[in-house]
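>>> Turn this into a structure:
(chains A and B)
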There are 2 protein chains.
Amino acid sequence: MKRHNFSAGPCILPQEVLKQASAAVLNFNDDNLSLIEISHRSKPFVAVMDKAIALVKELLNVPKGYSVLFLQGGASMEFLMVAMNLMKVDGKAAYINTGTWAKKAITEANSLGEAIVLGDSSDKNYNYIPKGYTIPSDVDYFHCTSNNTIYGTQMKEFPHCPTLMVCDMSSDIFSRKVEVSKFDIIYAGAQKNMGPAGTTLVIVKDKILGKTGRKIPTMLDYNTHISKDSMFNTPPVFPIYVSMLTLQWLKDLGGVEVIDKMNQDKADLLYAEIDRNPLFEGTAAKEDRSNMNVCFLLTNSSKEEAFNTMWNESGISGIKGHRSAGGYRASMYNAMPIESVQVLVDVMKKLEQN
Amino acid sequence: MKRHNFSAGPCILPQEVLKQASAAVLNFNDDNLSLIEISHRSKPFVAVMDKAIALVKELLNVPKGYSVLFLQGGASMEFLMVAMNLMKVDGKAAYINTGTWAKKAITEANSLGEAIVLGDSSDKNYNYIPKGYTIPSDVDYFHCTSNNTIYGTQMKEFPHCPTLMVCDMSSDIFSRKVEVSKFDIIYAGAQKNMGPAGTTLVIVKDKILGKTGRKIPTMLDYNTHISKDSMFNTPPVFPIYVSMLTLQWLKDLGGVEVIDKMNQDKADLLYAEIDRNPLFEGTAAKEDRSNMNVCFLLTNSSKEEAFNTMWNESGISGIKGHRSAGGYRASMYNAMPIESVQVLVDVMKKLEQN
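Got it, this is the predicted structure:
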């Protein structure tokens, strides 16, 4: 029986994509060679890279003047690369601290200059998104995290920004409409809505680069990768291929607007049950609730064993909360069918009835 | 028909490994979940990482006091990380320039300090390994490249080294016996003898780290990854899994000593034909000939079309030389059976007879 996979990441991918990926590991492009044993400069793989880039541009409606890159190192490497590429020597940047990953981004910025923290929700274990701050115009850039996987919060709006705006969209990219032109850099580890772990998507406005006066090591310079179409050195072939397949799946489904509606329906279904059922409570502030990661607690801890047994027996996996937050976390990325969410909701109802 | 895959990298992997990898993309560990949609912190994947590390230690006989890491970014990122982690502020390091990759490593060292080039074979398009140099004892480290994929040269011996010794073994690791204790850092992109593109193996002596006085960004600090067992952030799950399978395949075959002999037999077979057949000549100095990448030319360019047609019709792929070297390059990594080399030799003989 296929599991109902609520894993926070790496996470559920479409079944069709997994089938195509599995087949390509044996025989790619009908060449009787595996996808993972051919040159990344061969025509069939260059076509994969080109298609992946084209799909990102199409699905997110990326305007002219932006480059789309597939890099390595995850969002953690981008924490450094963003600061390296945008922060002037002895420069300043503004951040909001919305959780574990934002904090790590702030640390990297502080290693190269000064990170000014405009808002910080650590006072309530990051269960809300700070608002009402003003971004100074004299900072090199502003950085935010659109969705906080661990705490189940999501920015529903982005602030007015008088400087460059950078966003870590690792856990909600391709899940909803985004006005790319409002941002100067968007980055995302692949392993939520895009593909397997091992590649990082970066969308960067070309003309903002090369202005810091800083000497940037080759591999950390976005211009290195832009000038070589993400092939300065051997790219992570398999993660990029599977990302391309997943983006094609999303396009075939109708694109970001269609999935946005489906994700809203899934979130509405689960949050409604959390709010209705006296045995459960959500942990995130209602107006900041994430459509990707739903964090909740049992109101009665004596029910814990029964609940764990029930969801486990229903074929649900991956809903244990992160160690920093406790409780439960149901991650419902693009590839999760609403039927799996219904299974979870049914278990919650059954627990109440027992 | 399965091709005779002489690709220089990404390159041939064992058929059994490809089959297991393909199956795991659909159903890993009999959990009815794909390998690429589960948490990297789940028990089954942690077991994969542990096994991959244990196999590296066993196959290379890694002494105590060394850490084995699986990182991202390829050898190109290690060019930077080695210098970051070992070069003192305003420090010096010694390099030998044996080709394209060595040169890139030198560039990164020069961005952080001074790279002294002790030997350089660019005068003859890198067709030999410089020898007879003396490594100064007052440099922070010495760096060499064990095998030069593009030019088909290989270091058969490593110099006496009065300082730390670092080696880029990207294209010949696991192909022959290596005395790890002679080195302080060994690194290698996976995509030759170890697995698919997307992870980099680093073997580092723990006690050499943390001595530069340099502030190292989190992701570039080997200690970050050592302290978190290569799971500081989400690792490239699929490339590490396939590397583990490939290392297990090598162990089952008898390990590095057995494959060393097999690689020698393959190299002897092909070089003997190049030396015997008047239509061909090798490009690398005989004493420095690589057992991994055999570079050769046609002595009579009018035979080019006939030769290309013949090897292509025999099911051979990937023997076109690198654009910096021209001619032909037959890469014969661990997973290549000697039967494929024989097919190439037979084509060469047939060309002579025609």
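>>> Below-threshold pLDDT in chain A: ranges please.
Judged against pLDDT under 70, the low-scoring parts of chain A cover residues A:1.
>>> Domain-wise, how is it divided?
A:15-253, A:255-353 (automatic domain parsing).
>>> Go through those domains and pick out the most buried.
Stretch with highest mean neighbour count among these: domain A:15-253 (a mean of 20; mean count of other CB atoms under 10 Å in any protein chain shown). Every residue, glycine included, has its C-beta placed from N, CA and C.
>>> Okay, now that one: how far is its last residue from its first?
Counting by CA to CA, to the nearest Å, the length from the leading to the trailing residue of domain A:15-253 is 14 Å.
>>> ok now that domain, how far from the chain's centre?
The gap between where domain A:15-253 is centred and where its chain is centred comes out at 9 Å by CA atoms, centre = their mean, to the nearest Å.
>>> related to what we said a few turns ago, and the domains of chain A: which comes nearest chain B?
Between chain B and those, the shortest separation by CB to the nearest CB is 3.3 Å, and it involves domain A:15-253.
>>> residues from the stretch 101-250 of chain A in reach of chain B?
Within the stretch 101-250 of chain A, the residues that sit near chain B (CB under 8 Å from any CB of the partner chain) are A:104, A:107-108, A:111-112, A:189, A:191, A:195-199, A:215, A:217-220, A:232-239, A:242.
>>> how about 6 Å then?
For the stretch 101-250 of chain A, the residues in contact with chain B under the definition CB under 6 Å from any CB of the partner chain are A:Ser111, A:Gln191, A:Pro196, A:Ala197, A:Gly198, A:Pro217, A:Met219, A:Asn233, A:Thr234, A:Pro236, A:Val237, A:Phe238.
>>> tell me the secondary structure for the fifth one?
What that stands for is A:Gly198. A:Gly198 falls in the coil class when you classify it by DSSP: H, G, I helix; E, B strand; the rest coil.
>>> Including secondary structure, could the residues of the stretch 101-250 of chain A next to chain B go into CSV?
Shown next, in CSV, are these (three-state DSSP):
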residue, secondary structure
A:Ser111, helix
A:Gln191, coil
A:Pro196, coil
A:Ala197, coil
A:Gly198, coil
A:Pro217, coil
A:Met219, helix
A:Asn233, coil
A:Thr234, coil
A:Pro236, coil
A:Val237, helix
A:Phe238, helix
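>>> For the stretch 101-250 of chain A, just list every one of the helices.
Per DSSP state H, counting those that start in this stretch, the stretch 101-250 of chain A carries helices over the ranges A:222-227, A:237-253.
>>> Dump those to a markdown table, plus distance to A:Asp265.
Compiled in a markdown table, the helices of the stretch 101-250 of chain A are given as follows (distance: least, CB to CB, whole Å):
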| stretch | distance to A:Asp265 |
| --- | --- |
| helix A:222-227 | 37 |
| helix A:237-253 | 14 |
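>>> how about those, which one is nearest A:Ser42?
helix A:237-253 (10.2 Å; CB to CB).
>>> which strands and helices sit next to the closest one?
Counting by 3 or more CB pairs under 6 Å, 6 or more residues apart in numbering or on different chains; DSSP states H and E, the packing neighbours recorded for helix A:237-253 are helix A:15-26, helix A:43-60.
>>> Recalculate using a threshold of 7 Å.
Other elements packing on helix A:237-253 under the criterion 3 or more CB pairs under 7 Å, 6 or more residues apart in numbering or on different chains; DSSP states H and E are helix A:15-26, helix A:43-60, helix B:237-253.
>>> Of all those helices, which one comes closest to B:Val82?
Within those, the stretch nearest B:Val82 is helix B:237-253; the backing value is 20.7 Å (CB to CB).
>>> got the contact list for the closest one?
The contact list for helix B:237-253, computed with CB atoms under 7 Å, 6 or more residues apart in numbering or on different chains, reads A:10, A:36, A:196-198, A:236, A:238-239, B:13-14, B:16-17, B:20-21, B:24, B:35-36, B:40, B:45, B:48-49, B:51-52, B:55-56, B:58-59, B:70, B:174, B:190, B:194-199, B:259, B:334.
>>> Please enumerate residues in contact with the helix or strand following it?
The element immediately downstream of helix B:237-253 (helix or strand, assigned by DSSP states H and E) is helix B:256-276. The list of residues contacting helix B:256-276 from outside it, by CB under 7 Å, 6+ apart, reads B:59-60, B:174-177, B:250, B:253, B:280-282, B:289, B:291, B:294, B:296, B:330, B:332, B:334, B:336, B:338, B:341-342, B:344-345, B:348.
>>> Okay, angle between helix B:256-276 and helix B:43-60 too, please.
Here helix B:256-276 runs at 60 degrees with respect to helix B:43-60, directions being taken by axes from the mean of the first three to the mean of the last three CA atoms, to 10 degrees.
>>> And the next helix or strand past helix B:256-276?
Taking DSSP H and E as the definition, the helix or strand that follows helix B:256-276 towards the C-terminus is strand B:280-282.
>>> What distance do you get for A:Lys57 to A:Ser137?
30 Å (CB to CB, to the nearest Å).
>>> Equivalent analysis for A:Ala24, please.
As judged by CB to CB, A:Ala24 and A:Ser137 stand 49 Å apart.
>>> And for A:Lys156?
With distances defined as CB to CB, the gap from A:Lys156 to A:Ser137 amounts to 24 Å.
>>> ok, the nearest residue to A:Phe183 once chain neighbours are set aside - contacts?
Nearest residue to A:Phe183 in three dimensions, chain neighbours excluded: A:Met165, at 5.0 Å (CB to CB, 6 or more residues apart in numbering or on different chains). For A:Met165, the contacting residues are A:Phe142, A:Lys182, A:Phe183, A:Asp184, by CB under 7 Å, 6+ apart.
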